[in-house]
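A.B. asks: this one's sequence-less:
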């Protein structure tokens, strides 16, 4: 048994969405690598995955996100 429990960082009143357990938590309870947040409200944390999908779609369709291929990119050397 460990003598010291590693504490997660966060403040009560901050909401997180745990990617491991697929649930909203206040605090946080799980390590930073497994969560989105902090969010100001529980409702925002509940919609974390939807927000991530929307942002990913925006980035994927942003013309500035995709650079034009360079002079050697996009050509095949046979």
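C.D. replies: It's in. Given the structure is predicted, the values throughout are model-derived calculations rather than measurements.
A.B. asks: number of nearby residues for the residue lying closest to residue 18 once chain neighbours are set aside?
C.D. replies: Closest residue to residue 18 apart from its sequence neighbours, by Cβ to Cβ, 6 or more residues apart in numbering: residue 30 at 4.6 Å. (C-beta placed from N, C-alpha, C; glycine too.) Residue 30 has 17 neighbours, counted by other Cβ atoms under 10 Å.
A.B. asks: From the contact counts, what lies against the helix ranked longest in the chain?
C.D. replies: Secondary structure assigned by DSSP state H gives helix 48-61 as the longest helix of the chain. Applying 3 or more Cβ pairs under 8 Å, 6 or more residues apart in numbering; DSSP states H and E, one finds that helix 48-61 contacts strand 35-39.
A.B. asks: Within its sheet, name the partner strands of the strand it packs on and how each one runs.
C.D. replies: Using DSSP bridges, the strands paired with strand 35-39 are strand 15-18 (antiparallel).
A.B. asks: Flag the shaky bits of this structure, pLDDT-wise.
C.D. replies: Counting by pLDDT under 70, the chain shows low-confidence ranges at 1-10, 66-78.
A.B. asks: Tell me the spacing between the nearest residue to residue 17 once chain neighbours are set aside and residue 64.
C.D. replies: Spatial nearest neighbour of residue 17, chain neighbours left out: residue 48 (3.6 Å); criterion: Cβ to Cβ, 6+ apart. Using Cβ to Cβ, to the nearest Å, residue 48 is found at 25 Å from residue 64.
A.B. asks: and what of residue 44?
C.D. replies: To residue 64, residue 44 is 27 Å away according to Cβ to Cβ.
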